[in-house]
Each structure stands twice: as C-alpha cells, then as structure tokens.
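Q: Structure, please.
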Amino acid sequence: MRVGMTYDLRSDHLSRGASLEDVAEFDSDETVSAIETALAAMGHEVERIGGAPQLVEALAGGRRWDVVFNIAEGVKGRAREAQVPAILDVYGIPYTFSDAVTLGVCLDKGLTKRILRDAGIPTPDFQVVNSAEEARRVRLPPPLFAKPVAEGTGKGIGAGSKVFYTSKLADLTEGLVKRYGQPVLVECFLPGREFTVGIIGTGRDALALGALEVTQEGTTGGAVYSFEVKEDCERLVRYRLATGTIGVEACRIALDAWNTLDCKDAGRVDLRADEYGGLSVLEINPLAGLHPTHSDLPMLCTAVGMSYDELIGRILRSAFKRSGFEGVPVAGGAGGGS
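A: Here you go, the predicted model:
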C-alpha cells in the first residue's frame, strides 16, 4: 500500500530564518524518520510529501496515495492544523488523525472549552479576551492563568502566565495579543496535580491507554509547563504513570472529552486537579507529537509496555478501519490500556 507522509519539519523552517519558538509545533527529522521506518517495516511503500504547499503541488502533478499519514501542523492561522485534512478531503484521500473540523476546533482552546462545558465535562471557568480593556473587565476569581487561545507546545506560556490582579492581566493580555496576533484565553488556575492521558482509537473503539502525571523538577518556569520546559523536558520534567483512583478518573474524563470532540485515531488530553483533587480538562491535542522519546504520547506508550512501532501500527489500523480497508498489514497487538 502506498502511504504518503505530510509534515512540517523544524529544520526546513529554521533554514529559512524562523526562530526556535516559531517552529515549536513542527516535527524533527528524527520523528519523520521514525514514522517512515515503522511504516516501511509493515511492508508499506512510503513517500514523503511535506506540508500543505508541497501537498498541493504533488496533487496538482497527479500524485496519489492509498492513505496519508498526516502530522502536518500548518504554518498560519488558527485553522492551520485543518489545512492538510481539508485538502485531502477534496481529493477523497484517507488520512490518519482527526478531520478538519475537529482539528480546527481543538486548536482554538476557547471553542473547545465551550463545547466541553456544554457537554458537562469539567473544565476551568474561563473568558476569551481580545484586548487589555477586555481583560480589565474579567470577573473570574484569582489566581488566573492566561495564554494565547490558539497555540500549542507551551508557546506564550511562562512564569508570568499566572496572575493575581486584573492590572497584571491587562498588561499580559496586551503583550500576548501583540506578539501572537490572536485572542487570549483567561481561565481559573488549578493548583493541583497535572496529567496527560494518551488515547488510541475512534468512537466506540477509543481506548485510554493510561495517564502520565507531569511533575517539574525544582521550580523552573514557576512550575508552569512552558515552551522552554517542554523543549528540555528530559532534564526538567518527571513523568510517572498514574495509578489508583485518580488515574482511572483521568482516563474516564479524557475519553469523554475525546469522543465529545469526535477525535480520531490517537492523541492526548491534558488535565489538572483543583485544590480538592477534582480533575478538569485543560485542552485536547488530537495531533499529538510522535517523537519516539521526547513526545508525551510515545512516552506513555513505553510506560504501559507498547512499542513505538505498535503505536504507529495502531494509529494506521484505526484510520484504515474508518476508511473501510480490510486485511491491510499493520503492526501491533493489544498493548496496554486503562
């Protein structure tokens, strides 16, 4: 089977003058190579495509694939993650991970939280503000946490993201809007433990593999899971598989959130506890990083005894099942789960 690969490479954009923060969401050469190797080991013919512009050029030139393994984050706009799936939908080419609607909604944290709230899934109280003036009118109880509404990988998050006074919130909002050119999500800060839950599958087949507790070493970044901390997570962050009641509850809530947003194939849901231990969803990542040793989802799979090749195989199997393929070679067995 011919499998195309769509992605945005950090190295490509860095060579064009982008900053490290600019490429924070993009993938490394190691990630693309690891996925390609896993797909080839299953017997598939793999073709690297690139991002949305390269995909458009390839399709216009008549190239086609049986399925596309899509990890392209996109470059511009809050619908950037939805661009490749939308293009592939036009041509009727199946692909891995969620469709354009889900990816577009989940990248906008305000939209995501409105849907979760309406569905009765716990998420911190919030407001979306567009200016310092709007931030001064926020009436949520402090402390508050502010971040760009449509960024990932900790972009725009730092020690100053946690604020206690509306005057500070106004200044922070003004800076974020100017720097990132988008609204700011303001939500009540939850002081408890933080977790990320890995999920594989779609709809009734979706399975929460387990929950990793995320704990920072020392006080780097003011105990905030910032871009800088994520970049150096091997040294600054400790990941531990959550057991007992809280691990089960994190998986239950995460799976509810996953299916509410109609996410597909694989991804992560991030949660945090309040002062009483009650868990709430912070955000959903339906296009999670897949670096074999640096990304949270593969790390969780390792913790529950699932190999990287099995993870890639199960993602592909889920996409194949949705697309109606039968008898296609993929790796992986039952793996872990909760």
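Q: got the residue ranges for the helices in the stretch 151-300 of the chain?
A: With DSSP state H, counting those that start in this stretch as the criterion, the stretch 151-300 of the chain has helices at 166-180, 227-231, 233-236, 244-260, 296-303.
Q: just these: most buried one?
A: helix 296-303 (a mean of 22; mean count of other Cβ atoms under 10 Å). Every C-beta, even on glycine, is put in place using the N, C-alpha and C of the backbone.
Q: Tell me which residues are up against that one.
A: 196, 198, 209-210, 212, 214, 239, 241, 266-268, 288-293, 307-308, 310-311, 335-336 (Cβ atoms under 8 Å, 6 or more residues apart in numbering).
Q: Try it again at 7 Å.
A: For helix 296-303, contacts defined as Cβ atoms under 7 Å, 6 or more residues apart in numbering pick out 196, 198, 209-210, 212, 239, 241, 266, 268, 288-292, 308, 311.
Q: Determine how far it lies from the middle of the whole chain.
A: 14 Å (Cα atoms, centre = their mean, to the nearest Å).
Q: helix or strand right after it?
A: Proceeding C-terminally, helix 296-303 gives way to helix 308-323 as the next helix or strand, assigned by DSSP states H and E.
Q: okay, that next one in PDB with CA atoms only?
A: Output in PDB follows, covering the C-alpha atoms of helix 308-323 (Å, rounded to 0.1, in the frame of the first residue of the first chain):
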ATOM      1  CA  TYR A 308       6.700   2.700  19.100                       C
ATOM      2  CA  ASP A 309       6.100   0.600  16.100                       C
ATOM      3  CA  GLU A 310       3.000  -0.800  17.700                       C
ATOM      4  CA  LEU A 311       1.700   2.800  18.400                       C
ATOM      5  CA  ILE A 312       2.200   3.700  14.700                       C
ATOM      6  CA  GLY A 313       0.600   0.500  13.600                       C
ATOM      7  CA  ARG A 314      -2.500   1.000  15.800                       C
ATOM      8  CA  ILE A 315      -2.900   4.600  14.500                       C
ATOM      9  CA  LEU A 316      -2.800   3.300  11.000                       C
ATOM     10  CA  ARG A 317      -5.200   0.400  11.900                       C
ATOM     11  CA  SER A 318      -7.700   2.900  13.300                       C
ATOM     12  CA  ALA A 319      -7.500   5.100  10.100                       C
ATOM     13  CA  PHE A 320      -7.900   2.000   7.900                       C
ATOM     14  CA  LYS A 321     -10.900   0.800   9.800                       C
ATOM     15  CA  ARG A 322     -12.600   4.200   9.400                       C
ATOM     16  CA  SER A 323     -11.800   4.200   5.700                       C
END
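Q: Flag every buried residue along that helix.
A: 308-322 (16 or more other Cβ atoms under 10 Å).
Q: which stretches of this protein have low pLDDT?
A: 217-234, 326-338 (pLDDT under 70).
Q: Give me the longest strand you can find in this structure.
A: Counting by DSSP state E, the longest strand found in the chain is strand 207-216.
Q: what's the angle between it and helix 308-323?
A: Strand 207-216 and helix 308-323 meet at an angle of 130 degrees, taking axes from the mean of the first three to the mean of the last three Cα atoms, to 10 degrees as the criterion.
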